[in-house]
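Q: just a sequence and a predicted model for now, questions to come.
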Amino acid sequence: MTITVPVPRPETRWTRRKDARPAELLAAALDLFVERGYAATRLDDVARRAGVSKGTLYLYFESKEELFKAVIRGGLVPAIQRNERLVQDHAGTMADLLEKIIRNWWQDVGNSQIGGIPKLMFAEARNFPDLAHFYQQEVINRGYKLVGEVVELGQRRGEFPPMDTEHATRIVLAPLVFLLLWRHSFDGCDGTRIDPEAYLRVHLGIILDGLRGRPSNEPAKAPRTAADPATSRR
């Protein structure tokens, strides 16, 4: 049997440019979506910023909605997938795993332009319900499922006390969402900025101490004052 090996043609500048166009279009789209929001971003502007014609853009993305979905799939979804693989391979404690997930998420999303997309979705979800549904399925639900599994496994192992997993998951993730929203809105407006590293350090301390703390059915003890009988007898 004879196997014919095709001789590769020399790579031309045009070929390299064509191969790079989807990435250039996605980068331009991400910048404009974050700067202007979904409604105000026009495909003409995306093409212009990417340095191509609008017709060229349509060769890769048939609509603004498909372009936006490609931005999500190329930026936010890989960050979730990275942490999903981390859960599968992790051999330590669930507290350590949760810390890695939070830090990975901030490294992949918070420190990049893609971190502006959650702010966009909060602002425009009601106006574009189909996109909101897509974002919820691809990003929110997968992220909550990921963290929820870690919280549940920590309880089964006895590392965390019994608790409402759904609300615990939301409490773990809500401060991260706030940090993203703040960074892409008010951060720096009054001359001050939130230090993400200091913020995450405090957040992790509170969350992990709480997860490893007293059982949820143990009543909290109110601080004693001078009027407390136990104090006044001393």
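A: Done, it's in.
Q: how many other residues sit next to Glu65?
A: 14 (other Cβ atoms under 10 Å). All C-beta spots, glycine's among them, are computed from the backbone N, C-alpha and C.
Q: OK, contacts around it?
A: Contact analysis of Glu65 by Cβ atoms under 8 Å, 6 or more residues apart in numbering lists Asp130, Leu131.
Q: need the pLDDT of it.
A: pLDDT for Glu65: 97.
Q: quick one, grab the pLDDT at Ser216.
A: For Ser216, the predicted pLDDT is 43.
Q: so how far is stretch 153-164 from its chain's centroid?
A: Averaging C-alpha positions (Cα atoms, centre = their mean, to the nearest Å) puts stretch 153-164 24 Å from its chain's average.
Q: which of the residues in it are buried?
A: For stretch 153-164, the neighbour count (16 or more other Cβ atoms under 10 Å) marks Gly154, Gln155, Phe160, Pro161, Met163 as buried.
Q: helix or strand for the last one, which one?
A: Right, the one you point to is Met163. Using DSSP states H and E, no element contains Met163; it sits outside every helix and strand.
Q: narrow the buried residues of stretch 153-164 to those in helices?
A: Among the buried residues of stretch 153-164, the members found in helices (DSSP state H) are Gly154, Gln155.
Q: distance to Ser112 and pLDDT for the buried residues of stretch 153-164 - can I get that in a markdown table?
A: Formatted as a markdown table, those follow (distance: Cβ to Cβ, whole Å; pLDDT from 0 to 100):
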| residue | distance to Ser112 | pLDDT |
| --- | --- | --- |
| Gly154 | 29 | 96 |
| Gln155 | 33 | 96 |
| Phe160 | 31 | 95 |
| Pro161 | 35 | 94 |
| Met163 | 32 | 93 |
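Q: which stretches of the chain form helices?
A: Here the chain has its helices, by DSSP H, at 13-36, 43-50, 54-60, 64-89, 94-105, 117-124, 129-135, 141-156, 165-183, 196-211, 229-232.
Q: out of those, which gets nearest to Asp190?
A: With Cβ to Cβ, the closest approach to Asp190 among those belongs to helix 165-183: 11.6 Å.
Q: buried ones in the closest one?
A: Buried, per 16+ other Cβ under 10 Å, within helix 165-183: 165, 168-169, 171-173, 175-176, 179-183.
Q: helices and strands of this structure: which one has the lowest mean pLDDT?
A: Lowest mean confidence among the helices and strands of the chain (mean pLDDT, DSSP states H and E): helix 229-232, at a mean of 42.
Q: before we move on, the earlier item: quick one: closest of the helices of the chain to Asn111.
A: So among those, helix 196-211 is nearest, using Cβ to Cβ, at 7.7 Å.
Q: wait, isn't Gln155 in contact with Pro162?
A: Yes. Between Gln155 and Pro162 there is a contact under Cβ atoms under 8 Å: 6.1 Å.
Q: related to what we said a few turns ago, ok, so of the buried residues of helix 165-183, who is nearest Thr56?
A: Leu180 (32.1 Å).
Q: what separates the closest one from Ile72, distance-wise?
A: 14 Å (Cβ to Cβ, to the nearest Å).
Q: and this protein, what are its domains?
A: Following automatic domain parsing, one gets these domains for the chain: 14-62, 72-211.
Q: mean pLDDT lowest for which of these?
A: Looking at the domains of the chain, the bottom one is domain 14-62 with a mean of 89.
Q: just the pLDDT for Gly213.
A: At Gly213, pLDDT is 75.
Q: actually Ala227, sorry about that
A: 47.
Q: number the residues from 154 up from this point.
A: Understood, numbering begins at 154; the last thing we discussed is Ala380.
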